[in-house]
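*Asks:* Here is my input; please provide its structure:
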Amino acid sequence: MGVYASRYARALAEVVLAEALNPEQVEQQLQDFGELLAGSAELQEMFANPSVMLEAKLKVVDALAQRLQMLHSLRNFIAVLLQNDRIAAYPEIFAEYRREMDARRNIGEAEIVSTRELDSEERAALEARAAGLTGKNIRAVYRQDPSLLGGVVLRIGTILYDGSVRGHLEKLRQQLVES
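*Replies:* Prediction:
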């Protein structure tokens, strides 16, 4: 599935950029549709059922698009997925689309784990630090983990920056064991 998921994702990204659509609005509408699709076994079955005519499926898509106030381009994209029997891969296509748009817009994702809730100044400082490390704009996801004892852990892709007290204690323990 991966090969065609990235093709559909790139095609959608081209449409979004060519039509100067708001990327955040597009992503939200795609996510809303994906949640609706994932939450309805009946909808999945109807879309997957080859005995249901494409016209009937498109009428359902039109009703959903109206209910979700979906952009016409996104409605058409979903129609193409249905026409090509790719709707089952919607979650993968959506994930690929997000990666594609992030790459085109120079956005990196960072996970920031702290022992407590961070205030807006602390968040801004950490996001600026992450942006400096990556050279990208950062979309941060925050989590709390009291077991860190203090400090923060920053994960950008596969790279982990451990500034936690627990991490420092572990490094110290390793140094003592080695000596």
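*Asks:* contacts and neighbour counts: CA atoms only from here.
*Replies:* Will do.
*Asks:* so how far is stretch 111-124 from its chain's centroid?
*Replies:* In this view, stretch 111-124 has its centroid 20 Å away from the chain centroid, taken as Cα atoms, centre = their mean, to the nearest Å.
*Asks:* what about dumping the CA coordinates of that stretch to PDB?
*Replies:* What follows is stretch 111-124 as a C-alpha-only set of coordinates in PDB (Å, rounded to 0.1, in the frame of the first residue of the first chain):
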ATOM      1  CA  GLU A 111       7.700  15.400  21.200                       C
ATOM      2  CA  ILE A 112       8.500  17.200  24.400                       C
ATOM      3  CA  VAL A 113       8.100  15.300  27.700                       C
ATOM      4  CA  SER A 114       8.300  17.100  31.000                       C
ATOM      5  CA  THR A 115       7.500  16.300  34.600                       C
ATOM      6  CA  ARG A 116       4.900  19.100  34.800                       C
ATOM      7  CA  GLU A 117       2.700  21.300  32.600                       C
ATOM      8  CA  LEU A 118       4.900  23.900  30.900                       C
ATOM      9  CA  ASP A 119       3.800  27.500  30.600                       C
ATOM     10  CA  SER A 120       3.700  29.300  27.300                       C
ATOM     11  CA  GLU A 121       7.200  30.900  27.700                       C
ATOM     12  CA  GLU A 122       8.800  27.600  28.500                       C
ATOM     13  CA  ARG A 123       7.000  26.000  25.500                       C
ATOM     14  CA  ALA A 124       8.100  28.800  23.200                       C
END
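*Asks:* So that it lines up with my notes, have the first residue be 548 from now on.
*Replies:* Done: numbering now begins at 548, and the last item shifts to stretch 658-671.
*Asks:* what comes into contact with it?
*Replies:* Contacts of stretch 658-671 from elsewhere in the structure, counted by Cα atoms under 8 Å, 6 or more residues apart in numbering, are 687-703, 711.
*Asks:* Next, check those against the strands and list the overlap.
*Replies:* 687-691, 699-703 (DSSP state E).
*Asks:* Helices along the chain, start to end?
*Replies:* 549-565, 570-585, 588-595, 601-614, 619-630, 637-651, 667-681, 712-725 (DSSP state H).
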